[in-house]
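Peer 1: attaching a predicted model along with its sequence, questions to come.
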Amino acid sequence: MRYSSAITKFDDQKFNQMKPDLFEAPDYYLLDDLLTEEHKLIRDAARAWVKRDVSPIIEDAAQKAEFPKSIIPGLAEIGAFGPYIPVEYGGAGLDQISYGLIMQEIERGDSGVRSTASVQSSLVMYPIWKYGTEEQRNKYLPKLATGEWMGSFGLTEPDFGSNPAGMVTNYKDMGDHYLLNGAKLWISNSPFCDVAVVWAKNEEGRIHGLVVERGMEGFSTPETHNKWSLRASATGELIFQDVKVPKENLLPNKSGLGAPLGCLDSARYGIAWGAIGAAMDCYDTALRYAKERIQFGKPIAAFQLQQKKLAEMITEITKAQLLAFRLGQLKNEGRATSAQISMAKRNNVDMAIKIAREARQILGGMGITGEYSIMRHMMNLESVITYEGTHDIHLLITGLDITGHNAFK
Ligand code: TGC
Ligand code: FAD
């Protein structure tokens, strides 16, 4: 058994070897009863794939700080690239709860892998589907759905993170093409992306989306190294030096900051579900360990202090599951507001990071090793609580929504 042997001594040679994934998903409030048979099939397929193809390799990938490209076809197969994009464009044509469940299962494996799926689906396929032309949809979406092409999303800049309205990346109309200049920082998938959806200002200062393709002269994507978080996800820059972008690569059907923020609504919703997966994995690991680890003659699970941690974890996971499920219903009905999505992203990521920290303590010294997933989840969640709008920004969005007063500026 992985746990009992690991408990007694840390075996350096076994480290990084293939380990059985013993995950059992908690469902304290019998939420499965609220899911359709189709939801459960989709969720279970994603869960089985994560156990088979992600768990055995992810710790090694994170230790080496490499995105495991070998999992791209599997991600496509479980419907993680464009779950809700119509089938005619290569998507899976699923509802929003299915999308959420897939994100939950992937992030149970690793937030970095979920990041790759979030970016591909909500930040690349979504804007092409919603704001693009029929030609653009047909050209890009089927290849993105299979993972033949991978995408990235360039909004953040070195001097404009929480305040993307200030962006300086810009393009000029040169008659037969646009000339793009500027730089984006902290871009998931940038080092290997085939296409990038890039947000830039035109000569009037209006924000538009452009699809930039690898190979266009003046376009480069240097990788950002030395991350302690999201190590199994590749992060980098997008640099544009007089890049000639064909006019047909402009996404014509929406402009202004609302266009990228609309994509973020979809990605933030996926994160609200994904964070539950990371929390479930930490809770499940800590519960199993606490039942097996003997100190002072009994399992540490028998001590009140450890029970308090575990009982609070399952309570918070259950509350987060209910929040995500209801948000999914509202999304399916087209009634979810941006502020509701912000609340769920903020609450569920905060819930997950707190659970990761508590779970790590339950494992004592073993909790800091790569033998268990908890520390990796904990470090990953430091990015998740920052990207797609920071914890503070989402609080201010709720504040503005309930008071009518804008406290950003
Ligand atoms: P503000 O004046 O409030 O709004 C400008 C326009 O946008 C509209 N809008 C939205 N539209 C759709 N969805 C939303 N969530 C929207 N929020 C606002 C708004 O109605 C307005 O429209 P219009 O027609 O009147 O022009 O804008 P502001 O400049 O005051 O900023 C508001 C603020 C701070 C909330 C916004 O800028 C923000 O959310 N900042 C956070 C930035 C952020 O989240 N960046 C994420 C970058 S991408 C990323 O992190 C990917 S990580 C991927 C991964 O690896 O998983
Ligand atoms: P800042 O905006 O400088 O914020 C610093 C601190 O100030 C934060 O605590 C923030 O909450 C606080 N703050 C800012 N404004 C206010 C205010 N008005 N009131 C109170 N507090 C405030 N971006 C992309 O475009 N595409 C991607 O694919 C992408 N992937 C990412 C992957 C990783 C691993 C990371 C870490 C980031 C990624 N990002 C991406 C960027 C991410 O969205 C930004 O880091 C995030 O929006 C915050 O911007 P910032 O880092 O510049 O922080």
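Peer 2: Arrived safely. Only a predicted model underlies this, so the values are computations on that prediction, with no experimental measurement involved. Ligands and ions are numbered 1, 2, ... in the order given.

Peer 1: going along the chain, name the strands of the stretch 51-200 of the chain.
Peer 2: Assigned strands in the stretch 51-200 of the chain, in chain order: 151-154, 170-173, 177-188, 195-201 (criterion: DSSP state E, counting those that start in this stretch).

Peer 1: of all those strands, which lies closest to residue 110?
Peer 2: strand 177-188 (13.0 Å; CB to CB). The way it works is simple: take the backbone N, C-alpha and C, and place the C-beta from them, glycine included.

Peer 1: the closest one close to ligand 1?
Peer 2: Yes: counting by CB under 6 Å from any ligand atom, ligand 1 has neighbours in strand 177-188: residue 188.

Peer 1: who in the stretch 301-409 of the chain is up against ligand 1?
Peer 2: Near ligand 1, when you scan the stretch 301-409 of the chain using CB under 6 Å from any ligand atom, you find 338, 387-389, 393, 397, 408.

Peer 1: check contacts around the residue of the chain found nearest ligand 2.
Peer 2: In the chain, no residue comes nearer to ligand 2 than residue 161, which is 1.8 Å away by CB to the nearest ligand atom. Neighbour list for residue 161: residue 186 [criterion: CB atoms under 8 Å, 6 or more residues apart in numbering].

Peer 1: what mean pLDDT does the longest helix seen in the chain get?
Peer 2: Scanning the chain for the helix with the most residues, using DSSP state H, yields helix 258-292. Taken as a whole, helix 258-292 has an average pLDDT of 98.

Peer 1: next helix or strand past it?
Peer 2: Later in the chain than helix 258-292, the nearest helix or strand by DSSP states H and E is strand 294-295.

Peer 1: can you tell me the element the spatially closest residue to residue 34 that is not a sequence neighbour falls in?
Peer 2: Excluding the flanking residues, the one nearest residue 34 by CB to CB, 6 or more residues apart in numbering is residue 325, at 6.1 Å. Element membership for residue 325, per DSSP H and E: helix 304-332.

Peer 1: ok and that helix relative to helix 258-292, angle-wise?
Peer 2: Per axes from the mean of the first three to the mean of the last three CA atoms, to 10 degrees, the angle that helix 304-332 makes with helix 258-292 is 150 degrees.

Peer 1: quick one: buried residues of the very next helix or strand once past helix 304-332?
Peer 2: Once the chain leaves helix 304-332, the next helix or strand it forms, by DSSP H and E, is helix 338-362. Neighbour counts over helix 338-362 (16 or more other CB atoms under 10 Å) mark 338, 340-360, 362 as buried.

Peer 1: quick check: phi and psi on residue 211?
Peer 2: The phi/psi pair for residue 211 (degrees, to the nearest 10) reads phi -90, psi 110.

Peer 1: just residue 336 next, same as before
Peer 2: Per degrees, to the nearest 10, the backbone of residue 336 is at phi -70, psi 130.

Peer 1: any idea how far it is from residue 320?
Peer 2: For residue 336, the distance to residue 320 (CB to CB, to the nearest Å) stands at 16 Å.
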